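Chemist: 3D, please:
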Amino acid sequence: MSILETILSRQSIRSYLDKPVPNDILEKIVEAGQWAPNAGPFQISVIQNASLQKQINDQTREAMLQSGNPFAKKRVSLPGYQPLYGAPVLILFSAPADLPPAPFNAALAAENMILEATSLGLGSCFLLSPTRALDGNNNLELAHAAGIPEGYRLQCAMVVGYTADEKKFRLGDRQPKGNVKWID
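Modeler: Numbering: from 1, shown residues only. Predicted coordinates for the structure are as follows:
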């Protein structure tokens, strides 16, 4: 598959089979993130522990309910909705809290990993909602358990696994985004 074909076939998957992802495949996905363009340090935490995932999922769900954000409240109120979508793997991207390019470093690593997952036949979904659960002094213990170093802040996350129902919790068909202006 060409890079453009991988980009065009990528989807935000919100339903996964209860099937583990082999470590050799996860290692390829993580390596793709390590080769992303960056302007400073970042941490990739790969979480397969079901108990820890449940804690993060539940804390994320609660944070979405309490957020005051109408979209987050609407999503979390959907029947059967779980913020981590039942994926077997949760990947967190954190970086130094005081590093201005931190969000970009994390997002670039996540995008590389999402594209590699797609090329390997796996589903994935980029997430910001866990940042609500693992941000602030109230959640330091959970953030530490999730592998976020002291002085770092969760920037974004992704889930990955084998796709179940591709249409579940879908926001609609993908369309190209962004305005383009050509300057000659």
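
Chemist: just the pLDDT for the most centrally placed residue in the chain.
Modeler: Among the residues of the chain, the one closest to the centroid is residue 158, at 1.6 Å (C-alpha atoms, centre = their mean). According to the prediction, residue 158 has pLDDT 98.

Chemist: which SSE is it in?
Modeler: Assigned by DSSP states H and E, residue 158 falls within strand 152-161.

Chemist: chain center to that strand: distance?
Modeler: 4 Å (C-alpha atoms, centre = their mean, to the nearest Å).

Chemist: so where do the strands sit in this structure?
Modeler: Secondary structure of the chain (DSSP state E): strands located at 43-47, 89-96, 123-127, 152-161.

Chemist: which helices and strands sit right next to the longest one?
Modeler: Using 3 or more C-beta pairs under 8 Å, 6 or more residues apart in numbering; DSSP states H and E as the contact test, the elements touching strand 152-161 are strand 89-96, helix 102-119, strand 123-127, helix 130-133. C-betas here are computed from N, CA, C, even on glycine.

Chemist: what of the third one?
Modeler: Using 3+ C-beta pairs under 8 Å, 6+ apart, the elements in contact with strand 123-127 are helix 102-119, strand 152-161.

Chemist: and the angle from the shortest one to strand 43-47?
Modeler: When axes from the mean of the first three to the mean of the last three C-alpha atoms, to 10 degrees is applied, the directions of strand 152-161 and strand 43-47 differ by 40 degrees.

Chemist: can you state the direction angle for strand 152-161 and strand 89-96?
Modeler: Here strand 152-161 points in a direction 160 degrees away from that of strand 89-96 (the same axes, to 10 degrees).

Chemist: alpha carbons only: can I get strand 152-161 in PDB?
Modeler: Extracted in PDB, the C-alpha atoms of strand 152-161 (Å, rounded to 0.1, in the frame of the first residue of the first chain):
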ATOM      1  CA  TYR A 152       5.200  15.500  31.900                       C
ATOM      2  CA  ARG A 153       1.700  16.100  30.700                       C
ATOM      3  CA  LEU A 154      -0.500  13.800  28.600                       C
ATOM      4  CA  GLN A 155      -0.900  15.400  25.200                       C
ATOM      5  CA  CYS A 156      -3.000  12.900  23.300                       C
ATOM      6  CA  ALA A 157      -3.700   9.200  23.100                       C
ATOM      7  CA  MET A 158      -4.700   6.500  20.600                       C
ATOM      8  CA  VAL A 159      -6.300   3.100  20.800                       C
ATOM      9  CA  VAL A 160      -5.400   0.200  18.500                       C
ATOM     10  CA  GLY A 161      -6.700  -3.300  17.800                       C
END
